[in-house]
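Engineer: What follows is a protein structure lacking sequence information:
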């Protein structure tokens, strides 16, 4: 018995030695608590600090790792949760930020709107049809200031920023004068006398532009409008994409937004910054005395940031939600994108054509990168598992420079403003966007990234040119068994640079993804789209289906199931299913191979695409 007791004690000690240090966090906790399950902390920030200090002081309790466990609830943040190299774990002792078993905590950037009433006297600008239906509440404050915001959610459903024509409808330009930097629109549109904050959202081929109105002058049945800087200069100077003016197909469509005069339908809202009030016309069944109404305050809720020399390592995020993020640049500087929501800082045509790197190039452009709910730079051996990214003004998860050996598995991306999942370098900042990127320091390249069994739905609902899953200059990476539905533009985009020259990209795999109901708002698109030379890249065993083209696009025939665009070279496209052989190979380089793509692909391959069985449930 003594021997058995001794063995039992040794076994318990051995098991105990393998247990990571744990810190529990709950909405009702206190940062003065010890962080046990019974006495939880209030913030993940404090829990991470305690774990960081354990590692710094070489506390034996952290020898097997650190786990920060969040109980169910909504954690409203005042600043992004910041993960740094000192939070790193090791292969045998990782740092884990996780949901409690069976629970769904959310790190949120959203603030509740309270105090709704329908008793206030309607202002004269409110359309007659809305009177008696619109409710009003004070604009909430966050971090000591009244919020400015571009999104509003009612019981989890995004409302419509007041617009004319209403959602689903658009007007068309009358004329577009690039030399004078003027647009002409129908005078019948109810443009308010006061233009503060009024925006024109313009569809232009594979993107939309957000242009703030500077002036509006009626001339008969037309009206001349001009726009604020810097977007006016960029919009009228950049060559691609421009609004299409066509007698055959109609001029470029647009709508106006952000004025009380436009609030004329259920589900629309408007924030009057000067009066400090937000107006909303509830949809059928919505009770604002009970409904949870949220507006966003933070651009980013989780920031993981190291460097190539000192990366964040061996850090996992499991089962957490990230929600309600903002992006205000369009309100302050407009938004004129090049592609996939990457906005132009400067762009113009070249006359005569040509640069030292590209003799026939006819334009140059420099871009910025939209923010994301979760951003990562300078990191290795990270994992995001069964997380949820929902309700974002811009992107969901962004893996930027110097991120390698990182996996995103079984995550949900839903109600995303621009791009769902973003990875790699895109030439942002001072790097001209048509150049081949091949840095001397290869640690900067996104390498051995793995994106599998993620569900991406309703992406690019703010900037329609966004992409559900987009990777730029990456290598040795896998995009496999993802399910993409109901996205405005492209399902998966791989590559950047529009160049046939050697660059950082190679040996990527896009396999067994299922992409349906893409291109819901724009064309010049495909389920899977590639750019530039990327030797060893294989696109295989994917499924593309159910394309429904918007009546407002510039060319309703310019869409494809699979699309190898400018500079695509040394890639293999094999065994990809689609209902018809509708492909585009535009200005490709050499070495591409296309084999057995179309409706002849076997049912076995078709059935295996998309989420694997263990990931098909539990993502809603």
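Structural biologist: Structure received. Just so it is clear, the structure is predicted and the values come from calculations on it, not from any experiment. Numbering: from 1, shown residues only.
Engineer: and the end-to-end length of stretch 366-386?
Structural biologist: 35 Å (CA to CA, to the nearest Å).
Engineer: I meant stretch 336-348, not that one.
Structural biologist: 13 Å.
Engineer: what's the model's confidence in it, averaged?
Structural biologist: With pLDDT averaged residue by residue, stretch 336-348 scores 98.
Engineer: and if you look at stretch 464-476?
Structural biologist: Mean predicted confidence for stretch 464-476 is 98.
Engineer: how far out from the middle of the chain is it?
Structural biologist: When C-alpha coordinates are averaged (CA atoms, centre = their mean, to the nearest Å), stretch 464-476 and its chain have centres 10 Å apart.
Engineer: Phi first, then psi, for residue 604.
Structural biologist: phi -60, psi -50 (degrees, to the nearest 10).
Engineer: At which residues are the helices of the stretch 451-600 of the chain located?
Structural biologist: Counting by DSSP state H, counting those that start in this stretch, the stretch 451-600 of the chain has no helices to list.
Engineer: The chain too?
Structural biologist: Remark: helices assigned in the chain by DSSP state H are 2-17, 44-56, 231-237, 329-333, 603-608.
Engineer: Where among these is average confidence lowest?
Structural biologist: Of all the helices of the chain, the minimum mean pLDDT falls on helix 2-17 (a mean of 42).
Engineer: In contact with the residue most central in space within the chain, which residues?
Structural biologist: Closest to where the C-alpha atoms of the chain average out (CA atoms, centre = their mean) is residue 395, at 1.9 Å. Listed by CB atoms under 8 Å, 6 or more residues apart in numbering, the contact set of residue 395 reads 341, 370, 371, 372, 373, 416, 417, 418, 419, 420, 422, 466. Using the backbone N, CA and C atoms, a C-beta is placed for each residue, glycine as well.
Engineer: Distance check, it against residue 41.
Structural biologist: Here residue 395 is placed at a distance of 30 Å from residue 41 (CB to CB, to the nearest Å).
Engineer: now residue 328
Structural biologist: Computed with CB to CB, the distance linking residue 328 and residue 41 is 31 Å.
Engineer: Which residue of the two possesses the greater neighbour count?
Structural biologist: Under the neighbour definition other CB atoms under 10 Å, residue 328 and residue 41 were set side by side, and residue 41 has more, 25 against 14.
Engineer: Looks like the more buried one contacts residue 47 (just checking).
Structural biologist: Yes. Taking CB atoms under 8 Å as the definition, residue 41 is a contact partner of residue 47 at 5.2 Å.
Engineer: do you know how far residue 299 is from residue 154?
Structural biologist: In terms of CB to CB, residue 299 sits 22 Å off from residue 154.
Engineer: What of residue 409?
Structural biologist: Taken as CB to CB, the span from residue 409 to residue 154 is 32 Å.
Engineer: chain center to the longest strand along the chain: distance?
Structural biologist: Among the segments of the chain that qualify as a strand by DSSP state E, the longest is strand 207-219. Computed by CA atoms, centre = their mean, the chain-centroid distance of strand 207-219 equals 26 Å.
Engineer: what's in contact with that strand?
Structural biologist: 187, 191, 195, 197-202, 223-228, 231-232, 235, 241, 256, 330-331, 334-339, 463-465, 522.
Engineer: Output the contacts of residue 395 in a markdown table; the columns should cover neighbour count and distance to residue 179.
Structural biologist: Shown next, in a markdown table, are these (neighbours: other CB atoms under 10 Å; distance: CB to CB, whole Å):
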| residue | neighbour count | distance to residue 179 |
| --- | --- | --- |
| 341 | 29 | 28 |
| 370 | 28 | 30 |
| 371 | 20 | 34 |
| 372 | 32 | 37 |
| 373 | 32 | 41 |
| 416 | 31 | 37 |
| 417 | 28 | 33 |
| 418 | 31 | 31 |
| 419 | 34 | 34 |
| 420 | 32 | 39 |
| 422 | 29 | 36 |
| 466 | 32 | 31 |
